[in-house]
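In: take this sequence and fold it.
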Amino acid sequence: MKRVLLSVLILVVIIPAAWVLIYKFEGKKPMVDIELPSLYLKKSYDMSVDVTDHNTGLRKIIVSIMQQGKEKVLLEKQYKPSSFLGLFPGSRQTKDSFIIPVQSWKYGMTDGDAIIRIMVSDYSWRGWNKGNISYMEKKVIIDSIPPKVSILTKRHNIERGGAALVIYKLFEENIKSGVSVGDNFFPGQAGLFENKNIHAAFFALNDLQGPGTQISVIAEDMAGNITKSGFHHYIRDKNFKTDILNISNRFLEQKIPDFDIGPKTGSFQGAENPLLEKFLYVNREVRKNNVETLFNSCKISENKKYWDGRFLRLKGSARRAGFADRRIYKYAGNEIDRAVHLGVDLASTSNAAVKTANSGRVILTQLVGIFGNTVIIDHGFGLCSLYAHLNQISVAVGDSVKRGDDIGFTGMTGLAGGDHLHFSMIVHNVFVNPVEWWDDSWIENNITSKIEEVRQMPN
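Out: Below you'll find the model as predicted:
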């Protein structure tokens, strides 16, 4: 009988009591996760805090910011204790999340170092029932002053579809800067001058942007403080001609059947005119994807000026199509599509030698849809030249080339209707008028004279 009572005592009292003691004296600290937009605090700032304790549950959390002995509590929360010994499911809060606004300017704190401190405790009986306590500290820097920008160049004349250069000086490090043109952003970079605080940014207007387009230098520091600095500029308007391109059955039969459109291949077989439907798909959707491929290549442009002087034009060539020509495509007398020609078509003899327009490094050599066999050369600071419809490519990615080096031969690959070179100039992600870059005077007035003037300025 005594053995039975002892067994019952062990099962009913001693084992549960031992389990409760082990459970309530658990020693695992609560987990804390803090997410900051940056270690730099500007005037208005939100941080995210997540706390978790899956054992005895959360007891208390305090979040504060400290600077030079001054502490401001940003959040303090006491959690209700669990029900009897915390033994019942759902009786304790095991996790919580917060979005905490930090406005250091309201707390009388100044720019400089500060500390974000987080304390979280749980309902463990350890520490004389104070619980397990987690501390986390994050060093941050309060920075409420927008970066300073000084525009060094004075003349900024640009036309619709054209390019320009602005040079400016920054007065602190780790600043993201560049030129905002409408909704587009052209990054500025150091490297053109010995003084690393002087940045240069090539920027452009696309063929749709004319007078009235908003242009300014933007500088943003690590805290997110932004300076927007306008500068004197003059935008000339420009009209572009309209061409009508008649699409013949012969052209469709010659170019379209073998055009690779991936998964869409064969999807037009049920159409009344499968070749025409495939052409329209190529001229619209494939064109967009191809242009994106070209722009992605130019993203790796280096902050080094490789080129010098005017850019070369295909020797002995005649212009067959101009920059930003508005093209109307017709079939059987009816308009079927429209597009903009963002380059210059140059025709010489068939299979004519194509040479680099200026010095740089080769960043793309591949078949690019409607552009056919294509070469792109990086000339530095986001400026690239493009050579399309080539019959043959004689350079490779990574090659350094000099002005006038051979890179291939003209052809009619891609969507070309005849042997020619499609030549484009690109500034970051905008096609610009190549005619400017063929002109010694334009380059002197708009690019090189500015660089020389800044070089002559005292540091």
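
In: and stretch 31-48, how far apart are its ends?
Out: Stretch 31-48 has an end-to-end distance of 14 Å (Cα to Cα, to the nearest Å).

In: in it, which residues are buried?
Out: Across stretch 31-48, burial judged by 16 or more other Cβ atoms under 10 Å covers 32, 34, 36, 40-43, 45, 47. (Glycine included, C-beta is placed from N, CA and C.)

In: and for stretch 277-297?
Out: Quick answer for stretch 277-297 (16+ other Cβ under 10 Å): 277-283, 286-287, 290-291, 293-294, 297.

In: let me know the pLDDT of F88.
Out: The confidence metric pLDDT takes the value 52 at F88.

In: re earlier: so which of the buried residues of stretch 31-48 are in helices?
Out: Among the buried residues of stretch 31-48, no member falls in helices (DSSP state H).

In: got the domain boundaries for this structure?
Out: Annotated domains of the chain cover 27-142, 149-238+448-456, 242-428 [automatic domain parsing].

In: for those domains, which one sits closest to W438?
Out: Proximity to W438 (Cβ to Cβ) singles out domain 242-428 among those, at 5.3 Å.

In: helix, strand or coil: sort out G27 for me.
Out: coil (DSSP: H, G, I helix; E, B strand; the rest coil).

In: burial count for it?
Out: 9 (other Cβ atoms under 10 Å).

In: verify the stated contact: it with S124.
Out: Yes - G27 lies in contact with S124 (Cβ atoms under 8 Å); the separation is 7.1 Å.

In: show me whatever sits in contact with both of these two.
Out: N132 (Cβ atoms under 8 Å, 6 or more residues apart in numbering).

In: got TSV for the buried residues of stretch 277-297, with pLDDT, secondary structure and distance to G414 too?
Out: Below are the buried residues of stretch 277-297 laid out as TSV (pLDDT from 0 to 100; DSSP: H, G, I helix; E, B strand; the rest coil; distance: Cβ to Cβ, whole Å):
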residue	pLDDT	secondary structure	distance to G414
E277	96	helix	19
K278	96	helix	15
F279	97	helix	13
L280	97	helix	16
Y281	97	helix	15
V282	97	helix	10
N283	97	helix	12
V286	96	helix	10
R287	97	helix	10
N290	97	helix	9
V291	98	helix	13
T293	98	helix	12
L294	98	helix	12
S297	97	helix	16
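
In: worst mean pLDDT among the domains of the chain?
Out: When these are compared by mean pLDDT, domain 27-142 comes last with a mean of 87.

In: ok, back up a step: turn the domains of the chain into CSV, including distance to P434.
Out: Output for the domains of the chain, formatted as CSV (distance: least, Cβ to Cβ, whole Å):
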stretch, distance to P434
domain 27-142, 41
domain 149-238+448-456, 10
domain 242-428, 5
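
In: W437: which of the ones you listed is closest?
Out: Comparing the domains of the chain by their distance to W437 (Cβ to Cβ), the top pick is domain 242-428, with 4.2 Å.

In: end to end, how far does the closest one reach?
Out: The first residue of domain 242-428 is 26 Å away from its last residue (Cα to Cα).

In: quick check, distance from that domain to the centre of its chain.
Out: Domain 242-428 sits 25 Å away from the centroid of its parent chain (Cα atoms, centre = their mean, to the nearest Å).

In: tell me where the stretch 251-400 of the chain has strands.
Out: Taking DSSP state E, counting those that start in this stretch as the test, the strands found in the stretch 251-400 of the chain are 318-321, 325-331, 334-341, 344-347, 353-355, 360-367, 373-380, 383-390, 392-393, 400-401.
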